[in-house]
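Novice: got a sequence here, can you model it:
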Amino acid sequence: MADHPELTAEQRYIDDAYECLERTRAAVGEMRAQYEGGPGGTFQHRYERDVVADRVENRLAQLDIGDQSLVFGRIDSEPDAEQPDGESFHIGRIAVSNEARDPVVVDWRAPIAESFYRATGREPMGLRRRRHFATRGRTLLGIDDELFGSAAASLDSGEVQGQGALIAALTEARTGRLSDIVATIQGEQDVIIRSPLAGVLVVQGGPGTGKTVVALHRAAYLLYSHRFPLEGQGVLVVGPNRVFLSYIEQVLPSLGEAGIDIAVLADLVPGVRATGWDDEATARVKGDLRMIEVIAQAVRDRERPLRETLRVPYGVQHLTLSVDDSAAIVRDTRRRFRTHNAGRRHLEQQFFDRLAASSRTGDSAQVVRERCRRDPLVREALERMWPVLTPTELLNDLYGSPGLLRIACQRHLRRDEWELLARPRRPVAAEVVHTHHDVPLLDEALERLGPRPAHRDDDVVRTYGHIVVDEAQDLSPMQLRMLDRRSLNGSMTVVGDIAQATGAWAHDDWTSVLEHLPNRRPPQWAELTIGYRVPGPIMDLAARVLQLAAPGLAPPTSIRRIGDPPRIVATSDERADESLVELVRSELEAVGAGNLAVVVPRSAIERVERALTAADVPHGRATRQGLDRQVTVVPISLVKGLELDAVLVVEPAAILDEEARGAQSLYVALTRSTKRLSILHARPLPAVLVGDGVASSGPPSGSGGDEDAFGGERADADVASLDLDRGRPVG
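Specialist: Below you'll find the model as predicted:
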């Protein structure tokens, strides 16, 4: 690959492409200087200047590719009557032209580049050669050619294109950040990336099939090919947690698209602080669509007539508002306004009109308002009848008041369900920190309450022209309703893996997901079946767990059949910490500069961190440092969607026991590695992991004790005691 006869010529071409890019950046920079200046000029002039300046800044951002390679391939077409020698195009990250406006590099998203990703031996798409470049920055390291049609003497099946470049990319050390695959997109991936914009596209993909990175490339492609209207409407990418967002945040900027919003659901509701998750039973209640009626009733319960006639001192007399008059005002306001907060001003006007009508002095409602609006009795009455509320204030009051909770829920939830919602009321609503399962309820409350009169810009719900949703198989009906509300035109890309459904509202098929998403057009379906990340020996082991997790699904077909077999190490209570440290150091030595995730059940997080700290093993926790450290302790609940060079799974039996969908969680943990997988256990190994094809180490001498090394009750470590049919240890 490195001895290719055209290596020098292609290096010169790449150098010239970079020079053209630099000239373009300089020209755009000069334009920015022309539009920089003070606030002078007419309003029209300032507006036009700001518009041009914004476009210049966007263009500079698109031209900034950082350390990423600019050019990664070339296509040569078959000769024809119009082009006797055929045509050649260099494919790259962004489009680059020379001073004569001739294309030097073609953007990977352009229609002409489609054959670079889709051509196969059976369908060459007019190509005679496809060339892949192995580059590091501006340096060309090697060339990998594929020949088609008349140029192909002996061609393989063509199922995997650019195999040399692809394998090289897959075996590179992970950096703790997801990398783009723009240089090695495969045919089945490219079909999904270039699918039509309209409607909902569902992408089912097993571990290592590239569904996440395909979804991100699709977002970049759609913004390129539908710049108008998507640039104005916006594109949103929604991930399951902030560790995941940190992991994917570099992909879109590396593709020249920095204007796409990346968020978790909590980011979509203004003024919300959310951390942590509820237990499964509570999460099930909060994710149920019955909560729509609960929130609606909770809002209605805050629109109340007075308990007794209001008497307000006014000079030598009292102004009055009867209970019946207050009820009539509330009914009239409800009838006129769709959202709660929008009705406050109308209610106040009616309130002061009635008070003025009871005055013997004949003062107008405006005069009465000015004289009485600060009176504590008036303020208390208005707050009872129609308070201005934020979603946080509504839920803080609802959860913290048994009376409000009972009234709002009794017609829609069972008592044992609504009692799960109760929690102490915080005196200051701004200090409330919600769980992530509260977020769709806050969003529903915002829909019912509407913007506060003085905060309309802060309480707005933004919609998007296209929404990408990752790990959608775990979203509750209420969470999916949030996304539906933010879709401007029903255009969405929904990706996930039913076999990896681990949440409280995990779905068993995509039909139940689509029930809660836009249905303006029939949904489109796609499936990724080829596994690129996970080596064959690791996937073979994980496939056993898949039989428990999702018996009806077939595992992806790994293109890398050769790799290190999974390593299973038994330990004892007394040596658990020592075995953990030994195994971590051994895996680090084997993986070199690569990274290692120690995936642990919830009960073992603190103990594993203490053991690594005591042994002076530098490490981080995913919830604090993301994947920035070479060794990261990752709770099982956050490992989904990540990829690492090496993975050490601690106590798989505890994962099966502690997680609501233990088999699915274990399947996820076993399929995160690109190179090496190891398993450490003190409890009996689950039966699905016992068998051929793994490197096993027996328990050290001196084992014993009553407690499991990593938390929970310890069972006999002899694998002969396992119930092989049930796939779990015998009690």
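Novice: can you pull out the strands in the stretch 351-500 of the chain?
Specialist: 466-469, 492-496 (DSSP state E, counting those that start in this stretch).
Novice: out of those, the one nearest R373 is which?
Specialist: Minimum separation from R373 across the strands of the stretch 351-500 of the chain (CB to CB) falls at strand 466-469, 43.7 Å. C-betas here are computed from N, CA, C, even on glycine.
Novice: circling back: how about the strands of the stretch 351-500 of the chain in JSON lines, adding mean neighbour count and distance to A26?
Specialist: Output for the strands of the stretch 351-500 of the chain, formatted as JSON lines (neighbours: other CB atoms under 10 Å; distance: least, CB to CB, whole Å):
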{"stretch": "strand 466-469", "mean neighbour count": "25", "distance to A26": "33"}
{"stretch": "strand 492-496", "mean neighbour count": "26", "distance to A26": "37"}
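Novice: closest one to P207 among these?
Specialist: Using CB to CB, the nearest of these to P207 is strand 492-496, at 11.4 Å.
Novice: could you export that closest one as PDB, CA atoms only?
Specialist: Provided in PDB are the C-alpha atoms of strand 492-496 (Å, rounded to 0.1, in the frame of the first residue of the first chain):
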ATOM      1  CA  MET A 492     -36.900  12.400  11.600                       C
ATOM      2  CA  THR A 493     -34.200   9.800  11.600                       C
ATOM      3  CA  VAL A 494     -34.700   7.300  14.400                       C
ATOM      4  CA  VAL A 495     -31.900   4.800  15.200                       C
ATOM      5  CA  GLY A 496     -31.300   2.100  17.700                       C
END
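Novice: got the contact list for the helix or strand following it?
Specialist: Under the assignment DSSP states H and E, the closest C-terminal helix or strand after strand 492-496 is helix 511-514. Contact partners of helix 511-514, identified using CB atoms under 8 Å, 6 or more residues apart in numbering, comprise 200, 202, 472-473, 475, 480, 494, 507, 523.
Novice: which of the residues you listed sit farthest apart?
Specialist: Once CB to CB is applied, these give L475 and P523 as the farthest pair, at 15.6 Å.
Novice: the two: who's more crowded?
Specialist: Using other CB atoms under 10 Å, the more surrounded residue of L475 and P523 is L475, with 28 against 18.
Novice: hang on, the more buried one packs against T502?
Specialist: No: between L475 and T502 there is no contact under CB atoms under 8 Å: 11.9 Å.
Novice: please enumerate the shared neighbours of those two.
Specialist: With CB under 8 Å, 6+ apart as the test, L475 and T502 reach no residue in common.
Novice: just for this protein, where's the confidence low?
Specialist: 1-2, 35-41, 149-176, 457, 691-731 (pLDDT under 70).
Novice: the most centrally placed residue in it and E643, how far apart?
Specialist: Centroid check for the chain by CA atoms, centre = their mean gives G239 as the closest residue, at 0.8 Å. Computed as CB to CB, to the nearest Å, the G239 to E643 distance reads 14 Å.
Novice: likewise E431?
Specialist: Taken as CB to CB, the span from E431 to E643 is 38 Å.
Novice: more neighbours: which of these two?
Specialist: Taking other CB under 10 Å, E431 and E643 do not tie; E643 has more neighbours (24 against 10).
Novice: would you list the phi and psi of the more buried one?
Specialist: Main-chain dihedrals, E643, degrees, to the nearest 10: phi -140, psi 140.
Novice: give the contact list for it.
Specialist: 174, 178, 208, 533, 672-674.
Novice: try 6 Å this time
Specialist: 533, 674 (CB atoms under 6 Å, 6 or more residues apart in numbering).
Novice: same check, this time on G234
Specialist: Residues Y464 are the ones in contact with G234 under the rule CB under 6 Å, 6+ apart.
Novice: distance check, it against I248.
Specialist: G234 is 18 Å from I248, by CB to CB.
Novice: do the same with R218
Specialist: R218 is 13 Å from I248, by CB to CB.
Novice: which one of these two is surrounded by more residues?
Specialist: R218 (25 against 21).
Novice: let me see the contact set for the nearest residue to the more buried one once chain neighbours are set aside.
Specialist: Spatial nearest neighbour of R218, excluding adjacent residues (CB to CB, 6 or more residues apart in numbering): I193 at 4.7 Å. Taking CB under 6 Å, 6+ apart as the contact definition, I193 lies against 217-218, 221.
Novice: the closest residue to L670 other than its chain neighbours sits in which helix or strand?
Specialist: Spatial nearest neighbour of L670, excluding adjacent residues (CB to CB, 6+ apart): A542 at 4.2 Å. Using DSSP H and E, A542 falls within helix 536-549.
Novice: which secondary structure elements does that helix contact?
Specialist: If you count contacts as 3 or more CB pairs under 6 Å, 6 or more residues apart in numbering; DSSP states H and E, helix 536-549 packs onto helix 662-670.
Novice: show me what the helix it packs on packs onto, helices and strands only.
Specialist: Using 3+ CB pairs under 6 Å, 6+ apart, helix 662-670 sits against helix 536-549, helix 652-658.
Novice: go again using 10 Å as the cut-off
Specialist: helix 536-549, strand 596-600, strand 644-650, helix 652-658, strand 673-681 (3 or more CB pairs under 10 Å, 6 or more residues apart in numbering; DSSP states H and E).
Novice: could you give the angle of the helix holding A542 to strand 644-650?
Specialist: 50 degrees (axes from the mean of the first three to the mean of the last three CA atoms, to 10 degrees).
Novice: any buried residues in helix 536-549, and which?
Specialist: 536-546, 548-549 (16 or more other CB atoms under 10 Å).
Novice: do you know how far the residue lying closest to I262 once chain neighbours are set aside is from R672?
Specialist: In space, and not counting its chain neighbours, I262 is closest to V237: 4.8 Å by CB to CB, 6+ apart. As judged by CB to CB, V237 and R672 stand 21 Å apart.
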